[in-house]
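Undergrad: next comes the sequence, and after it the predicted model I'd like to discuss.
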Amino acid sequence: MSNAKIEFTFGSLSFSGEGEEDWLAKQLDKILNAAPTLSELHAPSVTPEAQTPVEGTSGADKPEPLSSHIKAKGGETNQTKRFLATADWLRMRGTTPLTTKAVTKALLDNHQKKLTNAANCLNQNVSKGFCEKGGGGFFITPHGLRELGHQT
């Protein structure tokens, strides 16, 4: 028998093992058989920002239109703030990871003024501490949420 090594992640479930092939195969079978039960016990992994409630809304309320959200957050005339407000609107709808492409598409799909340079808007929000890049996209920091009027 030879030594083998396996490592994988599926959603919130991860497995890493090293040992003889037969033993490792048995352990992997145990994990895979238990996976459906484990996935019911644990909610999908979500960043804390994606869980932040919005004042005056509940999951049962009708979603606020993007135009209203941008206006309420002061993003009508400032592109950097419009970018941040749109990202916040996407975040509240569960979009993860947030990307400049998703922000640009949301503005286009909702017939809002486009951004001259979405990547530059993200970089400006990062430099102000309102967003952080990572995980194939970016997220809004607690400082950014406070800037938009959310209580963190």
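TA: Sure, I can see it.
Undergrad: please parse this protein into its domains.
TA: Following automatic domain parsing, the chain resolves into domains at 3-41, 48-147.
Undergrad: which phi and psi values does the residue positioned nearest the centre of the chain adopt?
TA: In the chain, the residue lying closest to the centroid (C-alpha atoms, centre = their mean) is Thr96, at 2.8 Å. Main-chain torsions, Thr96, degrees, to the nearest 10: phi -140, psi 140.
Undergrad: do the same with Ile31
TA: Per-residue torsions, Ile31: phi -60, psi -50 (degrees, to the nearest 10).
Undergrad: kindly report the same for Gly17.
TA: According to degrees, to the nearest 10, Gly17 has phi -150, psi 150.
Undergrad: look up how far Leu32 lies from it.
TA: Distance, Gly17 to Leu32, using C-beta to C-beta, to the nearest Å: 12 Å. Bear in mind the C-beta positions are built from the backbone N, C-alpha and C, glycine included.
Undergrad: neighbour count winner among those two?
TA: Between Gly17 and Leu32, Gly17 has the larger neighbour count (other C-beta atoms under 10 Å), namely 15 against 12.
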